[in-house]
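In: mind folding the following:
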Amino acid sequence: MERSDKIRIGVYVCHCGGNISDVVNVKRVVDEVRNEKGVVVARDFMFMCSEAGQKLIEDDIRSGRVNAVVVASCSPRLHETTFRAAIARAGGNPYMYYHVDIREECSWVHENDKEEATNKAVRQVKAAIAYLRHAEPLNRIRVNCERSVLVIGGGIAGLRTTLDLAESGLTVYLVERAPFLGGNAAKIGNIKVFPYEKNSYRRSEGVNRET
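Out: Reported below is the predicted structural model:
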């Protein structure tokens, strides 16, 4: 059996309450992709991100019809995690998923050319389908993390970073090429600085301040 036969893709196209469907012919997008290789379900819905829209996806996964998902909707910054969570709730692999932005990238930028907006949406959804046909399921893994940090430069920014990281519980190694810490602030003299009214320079015994 070819790998593309094992992948059962569900395509779900959102109207976004008119934000998409006022420009993109959503019904045509669905019709043009439903016969793509690997696609077993192709639907459109007014708000895919709603509970009812997510349930469409979940029901198709639970039934065993779908094991990979394409959602064509708004920006992934808004709802990619929403749909990944819906897939996971239904027992699917949340990484067998491709999010297509047809609102910002099609509807909004081609609002004066509905035909091109629709054609572009079709192309993008077909590309997502092709991606999933060749995708490998991913699984989360846990790896040991070295809880130490190297900070290069002992100026004001380096010192502040070092303090913040150390206070968060990390081991910090601070490297400075000069024989003193403080950077340029250590060179401007013994004055009080905002906002803490502390001295900007404290001469260390045995270390000469550069001028």
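
In: domains of the protein?
Out: Following the assignment in automatic domain parsing, the chain carries domains at 3-133, 148-199.

In: in a markdown table, list those domains along with distance to I141, mean neighbour count and mean pLDDT.
Out: Where you see a C-beta, it was placed from the backbone N, CA and C, and this is true even at glycine. What follows is the domains of the chain, written out as a markdown table (distance: least, C-beta to C-beta, whole Å; neighbours: other C-beta atoms under 10 Å; pLDDT from 0 to 100):
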| stretch | distance to I141 | mean neighbour count | mean pLDDT |
| --- | --- | --- | --- |
| domain 3-133 | 12 | 19 | 95 |
| domain 148-199 | 22 | 13 | 86 |
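
In: mind putting these in JSON lines, distance to R142 included?
Out: Shown next, in JSON lines, are these (distance: least, C-beta to C-beta, whole Å):
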{"stretch": "domain 3-133", "distance to R142": "16"}
{"stretch": "domain 148-199", "distance to R142": "19"}
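
In: closest to R140 out of those domains?
Out: With C-beta to C-beta as the criterion, R140 lies closest to domain 3-133 of these, at 8.8 Å.

In: distance of the residue nearest the centre of the chain from E104?
Out: Most central in the chain under C-alpha atoms, centre = their mean is R77, positioned 6.4 Å from the mean C-alpha point. Distance from R77 to E104, counting by C-beta to C-beta, to the nearest Å: 9 Å.

In: I'd like the next helix or strand past the longest helix along the chain.
Out: If you go by DSSP state H, the chain has its longest helix at helix 114-133. Next in sequence after helix 114-133, counting helices and strands by DSSP states H and E, comes strand 148-152.
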